[in-house]
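Chemist: can't give you the sequence, but here's the structure:
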């Protein structure tokens, strides 16, 4: 998963290792930016200055990144991102969130939030039906007892094909 998607998107799943790297990286970035501007603060000031505005922007950016990282980690656990609200319980909520997101193993295989970050996204059940996540991480079921054909040219296609190999029409 690209770093842009890890830090800014609330969709998908990330494993524990990615959570720790991204969470600690975002925290270090926030500390470095805030520490670099702390020595420039005037003793007395009237109204907002550029540093004040930049500090607020960095705070909001860091908050967004941390919320996105935690949301994707909860998705990997098969839980709603609304569980982030547990952090509102002083001290205990933050510790619980870090323990749950940082140390509990995610769901094996796909769940309603997307593919398992560690596999190719194809799982079979006992009836020969595969569950596959498409490019938008939405789950779809493929039955191998059904023949899939292109609606344009009638050519047989594989269930995982995204376009017809004969006419090129998107499926």
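Modeler: Right, received. Where do you want to start? Because the structure is a prediction, the values reported are computed rather than measured.

Chemist: alpha carbons only for contacts and neighbour counts from here, please
Modeler: Noted.

Chemist: contacting residues for the closest residue to residue 83 other than its chain neighbours?
Modeler: If the residues on either side of it in the chain are set aside, residue 83 comes closest to residue 74, at 7.6 Å by C-alpha to C-alpha, 6 or more residues apart in numbering. Contact criterion C-alpha atoms under 8 Å, 6 or more residues apart in numbering gives 13, 80-81, 83, 101 as the residues in contact with residue 74.

Chemist: Now do the helix or strand that contains residue 74, average pLDDT.
Modeler: If you go by DSSP states H and E, residue 74 is part of helix 50-76. Averaging pLDDT along helix 50-76 yields 85.

Chemist: What are the buried residues along that helix?
Modeler: For helix 50-76, the buried set under the neighbour-count rule, 16 or more other C-alpha atoms under 10 Å, comprises 55, 58, 61-62, 65-76.

Chemist: Where in this protein is the helix or strand with the lowest mean pLDDT?
Modeler: Each helix and strand of the chain was given a mean pLDDT (mean pLDDT, DSSP states H and E); the minimum falls on strand 122-124 at a mean of 44.

Chemist: just checking, next helix/strand downstream of the helix holding residue 74?
Modeler: Along the chain past helix 50-76, the next helix or strand (assigned with DSSP H and E) turns out to be helix 92-103.

Chemist: which other residues reach that next one?
Modeler: Contacts of helix 92-103 with the rest of the structure, by C-alpha under 8 Å, 6+ apart, involve 16, 19-20, 70, 73-74, 84, 86-88.
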